[in-house]
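Enquirer: Below is the sequence, then the predicted model.
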Amino acid sequence: MSAQRVFFFLVGLLVLIGLATAAWRHIDTGVPILPGAQKPVWLVEARIDFVADGDSVLASFNVPDNPPGYEVSLEHTASPGYGFATVREGGVLRGEWTIQEAEGDQTLYYKVHVTPDGTDHRDAPVEQPPDPPSAPTWSGAEETAAEQILERARQASSTQQSLTRQLIEAFRGDRDDNADLLLDSYNRAEAIERLLHDAGVPARTSLGLELEDGRRNQTPVQLVEIFIDDHWLPYNPETGHQGLEDNMLLWYRGGASLIDLFGGYNARVAFSMNQQNVPAEQLAQMEESAGLLSVLSVHQLPIEQQTAFKLLLLLPLGALVTVFLRILVGIRTSGTFMPVLIALAFLQTELASGLVSFVSIVALGLLLRSYLSRLNLLLVARIATVIVIVVFMIGLLSLVGYQLGFATGMTLAFFPIIIIAWTIERMSILWEEEGPREVLVQGGGSLIVALAAYLVMSRPLAEHLTFNFPELNLVVVALIMLMGQYTGYRLTELRRFSAFQEASR
């Protein structure tokens, strides 16, 4: 068999395997081919890290219990060697991990699927109202400060809701000495809760999660809840917002603590979340399946790793666009696949701010690099100097953007610093050897390819297919290999050789 036939056989085999596996996954698990307008399903995962001291371990963790606005289902845990059970203590639902003996660093995972229930996030009525709160104990100076804060709040309020809002305002913005004194001993939510108890208002602290797709290592938001008209009404002590925001999931509500650990120390809890476009019942079928595709599914990974894979699985599409524009169209770029990395950074940022940031950094870097060329530094030292300068420029632009009201800090942090440094070095050498025109051609080409890759990678359909059907990347590989065999004229070369065509007529 000739090499050409082997090549086309391999390409066809890749396409066949990719499409057949995707079809098998669709039939076996029910994952839809098209994302469509479906009810969102949030995968929320809590990661618990602690150090076991070599004896038996009991980790008790507060888990969500009928949070307003959401339905919780499909509870999963990943804790090798540990036993797990959910128990209700004092009306609070908790998950308990137990093991006879453990030592050293330990990691436990707790994952639930959360779906909006279509309500207005109003809490359900409470059958048994809470007992009247007992007055808290203050120190001498704290008691005086609490009395003065409460007195001013009472004078400016007429209901328990308005009293709560006034107390929140007392700890926001320009605080007085009384508020600062209480904040020395308590955090904001605890101080407001104690003041409400002092005023005879039933209150408790809670923890909420802001649901945002792709968030990792998120810290919960502390809330204060007061009991009004047979239900609990939450407030955000940071913003003063009354009620729950649409994207807020109440995870921890009252009780002893978020986590109690016996037999270990240094417990830490971090939350990660991911949004899927798969209907809840189909996702349940997929994850409960014991077949081969369930084992090979990306959904089985921890959510923080799923978020990383969401981006990684989009890279082949960016590579496909780059190959098409470079081989078939003939666009010249600075670096082979640097545009893909730029497009990946744009996915994490807003496109406009990302473009401005990238162009600004490269332009400033070229100016500074032109000065470094006069110092006759060796290549390694010159590149290292450019890297440090790029870091400083990113920090400077972040500060300037913050002062102007733009959230550019995280935007700039996503750009590949090393790649930018090499780009500046490459363009600087190109400027010296070929002139500024060639720099503009390759720099502009890089941005054109990056924008094209971004437009393809940012499509909801692309994200849905690459994440839920990763085997389709085999088809992408086959297309790249086919384009790699092309040796004809590029589209940009047709104009250059058009004179020969006219002469031959």
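Expert: The structure has been received and is ready for your questions.
Enquirer: okay, CA-based contacts and neighbour counts for the rest of this
Expert: Noted.
Enquirer: If you count neighbours, what's buried in stretch 73-83?
Expert: By 16 or more other Cα atoms under 10 Å, the buried positions in stretch 73-83 come out as Thr77, Tyr82.
Enquirer: so how far does that stretch reach from one end to the other?
Expert: Using Cα to Cα, to the nearest Å, one end of stretch 73-83 lies 20 Å from the other.
Enquirer: same thing with stretch 32-46?
Expert: End to end - Cα to Cα - stretch 32-46 spans 28 Å.
Enquirer: repeat for stretch 236-245
Expert: 10 Å.
Enquirer: Could you give the average pLDDT over it?
Expert: The pLDDT scores in stretch 236-245 average 85.
Enquirer: try stretch 136-145
Expert: 86.
Enquirer: tell me which residues of stretch 158-176 are tucked away?
Expert: Going by 16+ other Cα under 10 Å, stretch 158-176 has these buried residues: Gln160, Gln161, Leu163, Thr164, Arg165, Gln166, Leu167, Ile168, Glu169, Ala170, Phe171, Arg172.
Enquirer: Show me the chain divided up by domain.
Expert: 41-120+258-280, 140-205+219-249, 310-498 (automatic domain parsing).
Enquirer: Could you dump these into CSV with distance to Asp28 added?
Expert: What follows is those, written out as CSV (distance: least, Cα to Cα, whole Å):
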stretch, distance to Asp28
domain 41-120+258-280, 14
domain 140-205+219-249, 32
domain 310-498, 12
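Enquirer: nearest residue to Gln72 other than its sequence neighbours?
Expert: One thing to correct before we go on: residue 72 is Val, not Gln. Val114 (4.7 Å; Cα to Cα, 6 or more residues apart in numbering).
Enquirer: swap in Ala46?
Expert: Excluding its sequence neighbours, the residue lying closest to Ala46 (Cα to Cα, 6+ apart) is Phe271, at 4.5 Å.
Enquirer: Please name every helix or strand in contact with the one helix or strand the one you found maps to.
Expert: Here Phe271, judged by DSSP states H and E, is contained in strand 264-276. Helices and strands touching strand 264-276, by 3 or more Cα pairs under 8 Å, 6 or more residues apart in numbering; DSSP states H and E, are strand 41-53, helix 303-312.
Enquirer: Helices of the stretch 401-505 of the chain, residue ranges please.
Expert: For the stretch 401-505 of the chain, applying DSSP state H, counting those that start in this stretch gives helices covering 409-413, 417-434, 436-457, 460-468, 473-484, 491-496, 498-503.
Enquirer: any idea how far Ile48 is from Tyr252?
Expert: Applying Cα to Cα, the value for Tyr252 to Ile48 is 15 Å.
Enquirer: before we move on, back to that, of the helices of the stretch 401-505 of the chain, which shows the lowest average pLDDT?
Expert: Across the helices of the stretch 401-505 of the chain, the lowest-scoring stretch is helix 409-413, with a mean of 48.
Enquirer: rewinding a little: minimum pLDDT in the buried residues of stretch 158-176, which residue is that?
Expert: Among those, Arg172 has the lowest pLDDT, at 83.
Enquirer: residue contacts, the closest residue in space to Asn473 that isn't next to it in sequence?
Expert: Leaving aside its sequence neighbours, Asn473 sits nearest to Pro316 (Cα to Cα, 6+ apart; 6.7 Å). By Cα atoms under 8 Å, 6 or more residues apart in numbering, the residues touching Pro316 are Asn473, Val476, Val477.
Enquirer: try 10 Å this time
Expert: Thr322, Val340, Met457, Thr466, Asn473, Leu474, Val476, Val477, Ile480 (Cα atoms under 10 Å, 6 or more residues apart in numbering).
Enquirer: tell me the two of those residues that are most distant?
Expert: The most widely separated members of the contacts of Pro316, counting by Cα to Cα, are Val340 and Leu474 (18.5 Å).
Enquirer: Looking at these two, which has the bigger crowd around it?
Expert: Val340 (28 against 19; other Cα atoms under 10 Å).
Enquirer: one step back: how far does the strand holding Phe271 sit from its chain's centre?
Expert: 13 Å (Cα atoms, centre = their mean, to the nearest Å).
Enquirer: Validate this expectation: Thr137 resides in a strand.
Expert: No - judged by DSSP: H, G, I helix; E, B strand; the rest coil, Thr137 forms no part of a strand; its state is coil.
Enquirer: Spell out the secondary structure type for the closest residue to Asn62 other than its chain neighbours.
Expert: With sequence-adjacent residues excluded and distances taken as Cα to Cα, 6+ apart, Asn62 is closest to Arg94, at 4.4 Å. Under three-state DSSP, Arg94 falls in the strand class.
Enquirer: in terms of contact, does Pro436 touch Leu366 like I think?
Expert: No - applying Cα atoms under 10 Å, one finds Pro436 not in contact with Leu366, separated by 11.2 Å.
Enquirer: Now do the strands in this protein.
Expert: Along the chain, the segments classed as strands by DSSP state E run 41-53, 57-62, 70-78, 83-89, 92-99, 103-116, 203-210, 221-228, 231-235, 248-253, 259-262, 264-276.
Enquirer: Adding distance to Ile27, write those out as CSV.
Expert: Formatted as CSV, the strands of the chain follow (distance: least, Cα to Cα, whole Å):
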stretch, distance to Ile27
strand 41-53, 20
strand 57-62, 37
strand 70-78, 21
strand 83-89, 33
strand 92-99, 35
strand 103-116, 22
strand 203-210, 34
strand 221-228, 41
strand 231-235, 44
strand 248-253, 33
strand 259-262, 41
strand 264-276, 18
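Enquirer: rank those by pLDDT, which is bottom?
Expert: Looking at the strands of the chain, the bottom one is strand 70-78 with a mean of 79.
Enquirer: now the stretch 301-450 of the chain, which segments are flagged as low pLDDT?
Expert: 302-304, 349, 401-419 (pLDDT under 70).
Enquirer: on that earlier part again, point out the most buried one among the helices and strands packed on strand 264-276.
Expert: strand 41-53 (a mean of 20; mean count of other Cα atoms under 10 Å).
Enquirer: and the angle from that strand to strand 57-62?
Expert: 150 degrees (axes from the mean of the first three to the mean of the last three Cα atoms, to 10 degrees).
Enquirer: what helices or strands is strand 41-53 leaning on?
Expert: Counting contacts by 3 or more Cα pairs under 10 Å, 6 or more residues apart in numbering; DSSP states H and E, strand 41-53 is packed against strand 57-62, strand 70-78, strand 103-116, strand 259-262, strand 264-276, helix 280-288, helix 303-312.
Enquirer: now with 8 Å?
Expert: Contacts defined by 3+ Cα pairs under 8 Å, 6+ apart place strand 41-53 against strand 103-116, strand 264-276, helix 303-312.
Enquirer: just the CA coordinates of the second one, formatted as PDB?
Expert: When you say that, I think you mean strand 264-276. Listed next in PDB are the C-alpha coordinates belonging to strand 264-276 (Å, rounded to 0.1, in the frame of the first residue of the first chain):
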ATOM      1  CA  GLY A 264      -7.200  16.700  62.200                       C
ATOM      2  CA  TYR A 265      -6.400  20.300  61.900                       C
ATOM      3  CA  ASN A 266      -6.000  23.200  59.400                       C
ATOM      4  CA  ALA A 267      -9.300  22.500  57.600                       C
ATOM      5  CA  ARG A 268      -9.900  24.500  54.400                       C
ATOM      6  CA  VAL A 269     -13.000  24.600  52.200                       C
ATOM      7  CA  ALA A 270     -13.000  25.900  48.600                       C
ATOM      8  CA  PHE A 271     -15.900  25.800  46.100                       C
ATOM      9  CA  SER A 272     -15.800  25.300  42.400                       C
ATOM     10  CA  MET A 273     -18.700  25.400  40.000                       C
ATOM     11  CA  ASN A 274     -19.500  24.700  36.400                       C
ATOM     12  CA  GLN A 275     -22.600  25.100  34.300                       C
ATOM     13  CA  GLN A 276     -23.800  22.500  31.900                       C
END
